[in-house]
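Chemist: Predicted model, plus sequence, below.
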Amino acid sequence: MAVSERPENAYRARAERGEVQIGTWITMIRTPSVLTLLQAAGLDYARLDLEHSAFSIETVADMAALARALDFPLVVRPPDGNREWITRLLDAGVWNLHIPQVESGEHAAAVVAATRYAPLGSRGMYGSGPHTAFRVRPPAEHMATANARVHVTAMLESRGAFARLDEIAAVPGIDALTIGPTDLAQDLGVLGAPSQKEVLREHRVRLGEAARKHGKTVAMAVDTIEAVREVIALGATIVNYSSDVGILRAGYASAVAEIRKPKETA
């Protein structure tokens, strides 16, 4: 690879080709080498959660550096979809953003503006750093490359957001749409109720229809293999299965239960 070249964003490229990608949440493990483990396990990407975890921006920057070196996409959900967080993450070398609680077309447009340089947006310009691989390139070249590489997913997590689903889906620069299933269920008043699964399915169907209408990718997060297959059948191509905590707990709980099972007597 020539010094001036930068690798493509495999996450974005696969999304544009309509390929199914399977990833998982990172919510607890701070060691960047967990990305090597997840890649070796056959996952396509990892999604790091800053909204509901204790990760520092330094940890995110370290993980982003390894992710780029491995060509193993890292997606980050910031605590808020505001300019401050978006700027810090992009300048730390993060290429893929999973923006929570997008409530309107206006909010989605503000997110896009913060993620793209002019003329597509108003992302702040800053010299060489992780976002440029510490190289200095002509501004126009850097801006065009960065604009083409970044990938933005908007999370709809409320009744109000779904009332404005079409306007959110129509915003140029929003690349993918998803729901926040637990917060959405809470806002709709069905969290823990027998109707929760069907209500969420209805909203996934609605989101998928809006995504197809406006040429967006559908992303979904689920916790079971059955649910993975279901959301793929509904049109999702970016699928997040469980998390580091979920997999570790389930794996150890299953093993411990088996170990402690009374030995059968002949």
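Modeler: Looks like it came in fine.

Chemist: I'd like to know how many residues surround residue 30.
Modeler: 16 (other Cβ atoms under 10 Å). Any C-beta I mention is one placed from the backbone N, CA and C, and that applies to glycine too.

Chemist: for it, what are its contacts?
Modeler: 55, 59 (Cβ atoms under 8 Å, 6 or more residues apart in numbering).

Chemist: sec struct for it, please.
Modeler: Under the three-state scheme (DSSP: H, G, I helix; E, B strand; the rest coil), residue 30 adopts coil.

Chemist: so what's the backbone phi/psi at residue 158?
Modeler: phi -150, psi 170 (degrees, to the nearest 10).

Chemist: which residue packs closest to it, ignoring adjacent ones?
Modeler: residue 187 (4.5 Å; Cβ to Cβ, 6 or more residues apart in numbering).

Chemist: Okay, buried residues for the helix or strand hosting the one you found please.
Modeler: Using DSSP states H and E, residue 187 falls within helix 181-188. For helix 181-188, burial by neighbour count (16 or more other Cβ atoms under 10 Å) applies to 181, 183-185, 187-188.

Chemist: how about a markdown table for these, with distance to residue 44 added?
Modeler: Shown next, in a markdown table, are those (distance: Cβ to Cβ, whole Å):
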| residue | distance to residue 44 |
| --- | --- |
| 181 | 21 |
| 183 | 25 |
| 184 | 25 |
| 185 | 27 |
| 187 | 30 |
| 188 | 31 |
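
Chemist: Please render the residues you listed as JSON lines that adds pLDDT to the earlier fields.
Modeler: Below are the buried residues of helix 181-188 laid out as JSON lines (pLDDT from 0 to 100):
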{"residue": "181", "pLDDT": "97"}
{"residue": "183", "pLDDT": "97"}
{"residue": "184", "pLDDT": "98"}
{"residue": "185", "pLDDT": "98"}
{"residue": "187", "pLDDT": "98"}
{"residue": "188", "pLDDT": "98"}
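
Chemist: which residues of the chain score low on pLDDT?
Modeler: Confidence mapping of the chain against pLDDT under 70 gives the ranges 1-6, 265-266.

Chemist: could you give the angle of the longest helix along it to helix 181-188?
Modeler: For the chain, the helix reaching the highest residue count under DSSP state H is reported as helix 196-214. Taking axes from the mean of the first three to the mean of the last three Cα atoms, to 10 degrees, one finds that helix 196-214 is oriented at 100 degrees with respect to helix 181-188.

Chemist: could you say what helices and strands helix 196-214 packs with?
Modeler: helix 159-163, helix 165-169, strand 176-179, helix 181-188, strand 217-222 (3 or more Cβ pairs under 8 Å, 6 or more residues apart in numbering; DSSP states H and E).

Chemist: any chance of these in a markdown table, with distance to residue 201 too?
Modeler: A markdown table is the format used below for the helices and strands packed on helix 196-214 (distance: least, Cβ to Cβ, whole Å):
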| stretch | distance to residue 201 |
| --- | --- |
| helix 159-163 | 14 |
| helix 165-169 | 16 |
| strand 176-179 | 10 |
| helix 181-188 | 10 |
| strand 217-222 | 11 |
